[in-house]
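Participant: please find the sequence and the predicted model below.
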Amino acid sequence: MKINFLTYRTMVATILTVGLMTACSSDDSPGDLDPQPDPTDPVEDSRWITIAAAKMGENPGDGNGGTLIYSVSSEDAKDPTVSIEPFDNGFIVPSNRTARLQASEDGSTIFNISYAGDTGGNYTKYTVEGGQNFAPTGSQVSIAQYVGSAPRWIKLFDGDKTGAAVYVSTEHQFDDNGTPEDATDDTYLRTEATMGVVTLDLQNSTIVEYQEQSVGLSPEEEADGYYISRIDMPTLNAAGDKLYIGARLSKVDPATAESDSDGEILGSKTIVLDYPSLLNPTVITSTVGHGNTNGYRSINSFEFEGSVYQANQGDPQGSHILKIGEDNQYDDSYVFNLDQALGVQDAYILAWRPAENGKAVLAYRHAGSAEGVAGEQGFFALVDLKARTAEQITEIPYDPNFYLFQYQGFAVDGTEIYLTQAPVGENGNIYVVDTESGEVTKGAELVNVSGSHFIGAF
Amino acid sequence: MNSNLKIGKLILITLFLNVLFLQAQTNKDSAVHGVVTTSQGESLAFATVMVKDTKYATLTNEEGEFELELPYGTHTITVSYIGFSDTSHTVETSPSIQRTKVDYILKENAENLDEVTVNGKSKATAIETEGFAVNVIETKQASQRNIQTNELLNTTVGVKIRQNGGLGSQVEYSLNGLSGSAVRIFIDGIPISVYGSSFSLNSLPPSMIKRIEVYKGVVPGYLADDALGGAINVVLQESARNYLNASVSYGSFNTLQANANGLYRFSNSGFTVKGSLFHNYSDNDYEVSGRSVVVTGLGGKQTPITAKRFNDSYRSTGGTAQIGFTDVKWADQFLVGVTASDDYKEIQHGSFMTITPYKGRFMESEALLGNITYQKSDFLIKGLSLNVHGIYGKRNRVVNDTVPWAYSWNGERAIDFKGDEFKYSWGSQQEGGPTLAKIKRNVASVRSGLSYTINDHHKILLNHAYSGIDREDSDELRSVRENTFKGTRDLYKNILSATYELNAFQGKFRGSVFGKYYQQKTVNTDPFINSQTNEIEDEVTTAKVNDQGYGFAVSYAIHPKITLLTSAEKAIRLPNESEVFGNDGDNVVANPSIRPELSNNYNLGFRFGSFNIQKHEFTISTNFFARNIKDRIGLPIETSLNVNDETILYENQGDGTSKGIEAQLNYTYRKNLGINFNLTRFDLTIENRGAEIDVPNTPFFTMNAGANYTFENLLQKNSLLNFFYSVYYTDEFSYLVPQGKNTVGDEFFKVPEQVVHDFGLSYTFPNKNFVMSFDVKNLFDKPVYDNLSVQKPGRAFYLKLNYIINSI
């Protein structure tokens, strides 16, 4: 097993190093059409791949029956003769609802913040020891006081040092026109959104910083009833001095203060904060993409070559990948529309993950997705951030019952990306995509149980 | 399953036709009458007169006279009375002998006093042998002890109470595995939801209660409501005699419970005054510990502590007063009255105990309701009886959560990672923001019943229940403008039922068949601004649901000591307000086309006993049950299509099955020793779109045992000293669905096996007016949980004084 890269200060350096090291050890036969695991792969170049699975609660696909993890070596993960049964043999992560998992960049540590229930907001980390063995390390700490017991959190790409979680609460404000008892002359002013952001030292299990502050939109947008109603997916910029937070907008009808879902969808927005102080929030707006940038459960924005690339969702033109430049503003000259790139309608990015070469695996649905057990579900594409191209990965079979919405993680090993594919309640496989060559390896079999699904590889 | 029920219905109808046919041949009755006297010639009132091995029985009147209607044939009629030897005579009745007179002279039998078998059935036994899967809890003994109504229910076979803390905390009732809105609770046949939380089973002391009937799966027609899994009916005290009863209890956690109730009837006019008062208070400051009971220090470092709950006090005060006439020519009961109640409950935490305990979050509720009751038997014609019970009033509930400061489990302000006291960014104790959410409801409920007893064999009942709730929500912390645009929600329910009861084969067969018609109308009024006129207008949406259910209950005495009880019902639960109209707070929108949940419920039980072997007496009863639920109402899973827009709606999405067995044993030795034991075991699975799963967070196996022993004349002559001992067992259960065979980490989700022991004693002073009792709950101070990690009180002591006057 490789050692941690914690001593490297910047993410670029880390990624370059990972790239160099894994480039030497990864599949050395690019272009091979009959990918076979290489039995002579030296063990010291292996890493752990942790598979996360979500058991059915009451409703197939709800994933509320427990989150189970199971780890195998990367050789085993690539071996289609290997069978992995997390539901029978896994470790149940202590979280009342689907756990929010993150992994260290080398896969040797799993970080969890328990979601909801009596320990919601509790941070725990585990050393991966293979199979169902996850050894808890470090002391207990909770972020529930700051961001609630169902926190939205993400590990920052700073060498596994920091995690960040966010919370927003809103309140509609009115002008009572000097007559507090008479509602008929009241006018809606704006909606106050209060944002809480906490950073957590993942190594020492302590709270680093917490700030609570108001985050507003432009006066015109606020007068129209728009406000930030949900935030998620904090991402550090390349310089390490700004934190970007994805946002969802909601709207009320200013006449009644009742929610209004028919309004125009504004340009995608991101909150930019000073880091590590978490102060001075500003909101930047894209003119390219429209819709939300808060993603769902898997990381929605990534740093690459000095810029941050962010997916948006609910875009009337289909999802975009947006670019935030080194100046911490949207780079509106970068236009990457999934509808155009894939030749589909209403593309919607469910989850994605680039490797260090700027080539990403992206899960999406579109207007042509069939209605499955868990709604309209997804396909995979290989995306090139630089070339702004996307192509469906047809080697990964499509199944209408394939449920990707709760997908949480892709494991990145150099230019290779590991992912899980299994329809709800059916067996599937690990797939390994070599982002450089486009080659897809069908790996170990994933044994499923009724109503359940897999939520990622770490 | 539906077809099974249809077949069941056919068999049932055939069975009834057969019975009717047989009845037609043997239905001709003649009367046997006579007088019972002692050998000294004094008439014996209330002596039991019965035909052996049948259900034909009566009591003599105050003059010692009796009259029994018997079918033609030869009968051995036995008369018994405490302190006298049983005396039997054989009589023959036939069409030629319409009335037969038989007098009885009973000989005193002093040495036999302990062995007299009283063959009359108690009301409880009578109900329990109607054929329903029903348990009757008599509260007489419990009312003198430090026992709450919910505790009493929890010891009943097939019933499980899930309580989120101590006195006054939130309670959920589960009957044979079905819980939540599947179980309906009634007070004297009126849905308890009418009264609101301030007049709940939490606040009602057992002394106000005459008995509690627990119907599992199959609910008789007269308790008309959409009870999918069963019903609990609390029958309040009603007595023809004047009485006054007062008690006060004090114990651990500063718990004070006081109540008084009484009745006075002017014997000349029949004018009756009736009233009851209750007051309950507890600090509920019991000790808790566990994985979330920690104090957070610098950097977020957690230190586990044992904490006393500090924001959990509960107070409820209330009463009812009624005046009117009882036992007069024109009414058995005509009473008008008022019920008022008020309660205050601090809330220490949400559904779980987390590391962020609440301080200053509380709920207040109050209710003021007028009621009217009219009851008359032999109304207009002999055999017809009428009862009408109506309630109308208001009730309010306010949730108050405005304290923004974070608190720690030590009861003090919490510090953040830098060491400073801090406020939650959401500005309140519970996430979601400060609130003074108020719900105002106008409630009305009218229950009426008409029954016609054709003769000893046939009875017809018609029942109707109406309930209506107009609900208006507001929040003082919200602007007036927002409150103006808050909608109102009205819900009206009509349930009509018809029941036919049959008593045949010399009382060996008792049965009833019933049909229920359900109708529900929900009205949703949402104000909006008309963009043309710029006026505020109301947008009104209504949804109507109709459905029918039916069922039967049959008991047959195979042998005088063995009774077979079987019942089945196609039960309905109508969708509730938020299921039909959604819930703004949770982004749930209306689904007016949602269908009711329905369940085919079956019970098959036996009752053995009572068997008397010398001075030992025992009864065994057992019931097998199955519930097949269809069209369960639930929320769909989150997908990319519904996560950000407001289109989540409740839908009918799956089936469920509960199957199990319950058994009960009662044993008495002389009159001094009583032992009872019961157990319940069941499986509960749900099936949703082809995937089947065992329902988690359910105790599947529970046992209760109790013993009491009475010493007579121990300290004083004519005094009674009772010892009580109870033990409750709940098997381990998991918050999570069952996991694979080799998984690890399961223990995090488990509620461990629990055994709790209670001990009590009560002393009845010689004049019988005064009873003092002492109870120890959770004798061995074990941690007890109904819900994952939510700890209930440890060892506690209570002392209670009762004062009873039975004739004023």
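Facilitator: Ah, there it is. Residues are numbered from 1 along each chain as shown, chains lettered A, B, ... in the order given.

Participant: how about the residue of the stretch 351-458 of chain A found nearest chain B, secondary structure?
Facilitator: As assessed by Cβ to the nearest Cβ, chain B sits closest to A:G451 within the stretch 351-458 of chain A, at 3.1 Å. All C-beta atoms are positioned from the backbone trio N, CA, C, and that covers glycine. What DSSP: H, G, I helix; E, B strand; the rest coil gives for A:G451 is coil.

Participant: mind giving me the packing neighbours of the helix or strand containing B:D343?
Facilitator: Remark: B:D343 resides in strand B:331-346, with elements defined by DSSP states H and E. Secondary-structure packing of strand B:331-346 (3 or more Cβ pairs under 8 Å, 6 or more residues apart in numbering or on different chains; DSSP states H and E): strand B:271-282, strand B:314-328, strand B:362-376.

Participant: could you check the angle strand B:314-328 makes with it?
Facilitator: 180 degrees (axes from the mean of the first three to the mean of the last three Cα atoms, to 10 degrees).

Participant: farthest from the middle of chain A: give me that residue.
Facilitator: In chain A, A:T179 marks the outermost C-alpha relative to the chain mean, sitting 47.5 Å out by Cα atoms, centre = their mean.

Participant: and that residue, what does it touch?
Facilitator: A:D185 (Cβ atoms under 8 Å, 6 or more residues apart in numbering or on different chains).

Participant: which stretches of the stretch 1-150 of chain A form helices?
Facilitator: Ranges of helices in the stretch 1-150 of chain A, per DSSP state H, counting those that start in this stretch, are A:11-25, A:74-78, A:86-89, A:144-147.

Participant: which non-adjacent residue is nearest A:L266?
Facilitator: Residue nearest to A:L266 in three dimensions, not counting chain neighbours: A:L249, with 6.0 Å by Cβ to Cβ, 6 or more residues apart in numbering or on different chains.

Participant: burial measure for that neighbour, as a count.
Facilitator: With neighbours defined by other Cβ atoms under 10 Å in any protein chain shown, the count for A:L249 comes to 25.

Participant: same check, this time on A:P219
Facilitator: 9.

Participant: how close does it get to chain B?
Facilitator: 20 Å (Cβ to the nearest Cβ, to the nearest Å).

Participant: give me phi/psi at that residue?
Facilitator: Backbone torsions of A:P219, given as degrees, to the nearest 10, read phi -60, psi -40.

Participant: pLDDT value on it, please?
Facilitator: Per-residue pLDDT puts A:P219 at 95.

Participant: mind checking pLDDT for the residue in the stretch 551-700 of chain B that chain A sits nearest to?
Facilitator: Nearest to chain A, among the residues of the stretch 551-700 of chain B, is B:A691, at 3.1 Å (Cβ to the nearest Cβ). If you check B:A691, the pLDDT there is 83.

Participant: repeat that for the one 4 residues further on.
Facilitator: Note for B:V695: predicted pLDDT of 86.

Participant: A helix includes B:I82, no?
Facilitator: No: using three-state DSSP, the assignment for B:I82 is coil, not a helix.

Participant: how about the contacts made by the residue nearest to the spatial centre of chain B?
Facilitator: Compute the mean C-alpha point of chain B, and by Cα atoms, centre = their mean the closest residue is B:I232, 2.7 Å away. Contact analysis of B:I232 by Cβ under 8 Å, 6+ apart lists B:153, B:159, B:173, B:175, B:183-186, B:201, B:212-215.

Participant: which stretch of helix or strand covers it?
Facilitator: Going by DSSP H and E, B:I232 is part of strand B:230-236.

Participant: that strand pairs with which strands, and in what direction?
Facilitator: Sheet pairing of strand B:230-236 (DSSP bridges) gives strand B:183-187 (parallel), strand B:209-216 (antiparallel).

Participant: I'd like those laid out as TSV, including distance to B:I558.
Facilitator: Converted to TSV, the strands paired with strand B:230-236 look like this (distance: least, Cβ to Cβ, whole Å):
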stretch	distance to B:I558
strand B:183-187	31
strand B:209-216	22
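
Participant: ok, now which ones touch B:N623?
Facilitator: B:A133, B:G158, B:K216, B:L565, B:N603, B:L604, B:G605, B:I661, B:E662, B:A663.

Participant: mind listing what's buried in the helix or strand where the fourth one lies?
Facilitator: Secondary structure assignment for B:L565, by DSSP H and E: strand B:562-573. Of the residues in strand B:562-573, those scored as buried under the neighbour-count criterion (16 or more other Cβ atoms under 10 Å in any protein chain shown) are B:T563, B:L564, B:L565, B:T566, B:S567, B:A568, B:E569, B:K570, B:A571, B:I572, B:R573.

Participant: and it, how far out from the chain's middle?
Facilitator: Strand B:562-573 has its C-alpha centroid displaced from the chain centroid by 18 Å (Cα atoms, centre = their mean, to the nearest Å).

Participant: buried ones in the next helix-or-strand element following that strand?
Facilitator: Downstream of strand B:562-573, the first helix or strand assigned by DSSP H and E is helix B:577-581. Neighbour-count burial for helix B:577-581, with 16+ other Cβ under 10 Å as criterion, is recorded at B:E579, B:V580, B:F581.

Participant: check contacts around the nearest residue to the first one once chain neighbours are set aside.
Facilitator: On the basis of Cβ to Cβ, 6+ apart, the spatially nearest residue to B:E579 that is not a chain neighbour turns out to be B:Y650, at 4.3 Å. Under the criterion of Cβ under 8 Å, 6+ apart, the contact partners of B:Y650 comprise B:P575, B:S578, B:E579, B:V580, B:G582, B:V588, B:N591, B:I594, B:I633, B:G634, B:L635.

Participant: and if we set it to 10 Å?
Facilitator: Contact analysis of B:Y650 by Cβ atoms under 10 Å, 6 or more residues apart in numbering or on different chains lists B:575-576, B:578-583, B:588-591, B:594, B:633-636.

Participant: how is chain B partitioned into domains?
Facilitator: If you go by automatic domain parsing, the domain ranges for chain B are B:2-120, B:243-800.

Participant: quickly compare the ones you listed and say which is most buried.
Facilitator: Most buried of the domains of chain B, by mean neighbour count (mean count of other Cβ atoms under 10 Å in any protein chain shown): domain B:243-800, with a mean of 18.

Participant: that older thread, flag the least confident of the contacts of B:I232.
Facilitator: Within those, lowest confidence goes to B:L201 (83).

Participant: residues near that residue, how many?
Facilitator: B:L201, neighbours per other Cβ under 10 Å, totals 20.

Participant: ok, the strand holding B:D343: who's next to it in the sheet?
Facilitator: Counting by DSSP bridges, strand B:331-346 is paired with strand B:314-328 (antiparallel), strand B:362-376 (antiparallel).

Participant: remind me, longest strand of chain B?
Facilitator: strand B:536-559 (DSSP state E).

Participant: how far does it sit from its chain's centre?
Facilitator: Going by Cα atoms, centre = their mean, where strand B:536-559 is centred and where its chain is centred differ by 19 Å.

Participant: could you pull out the strands for the stretch 351-500 of chain B?
Facilitator: For the stretch 351-500 of chain B, the strands defined by DSSP state E, counting those that start in this stretch occupy B:362-376, B:384-401, B:435-453, B:458-475, B:488-504.

Participant: for the last one, packing partners?
Facilitator: For strand B:488-504, the contact count by 3 or more Cβ pairs under 10 Å, 6 or more residues apart in numbering or on different chains; DSSP states H and E identifies helix B:2-26, strand B:435-453, strand B:458-475, strand B:509-529, strand B:536-559, helix B:577-581 as packing neighbours.

Participant: now these in TSV, with mean pLDDT?
Facilitator: Compiled in TSV, the helices and strands packed on strand B:488-504 are given as follows (pLDDT from 0 to 100):
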stretch	mean pLDDT
helix B:2-26	42
strand B:435-453	91
strand B:458-475	88
strand B:509-529	88
strand B:536-559	88
helix B:577-581	76
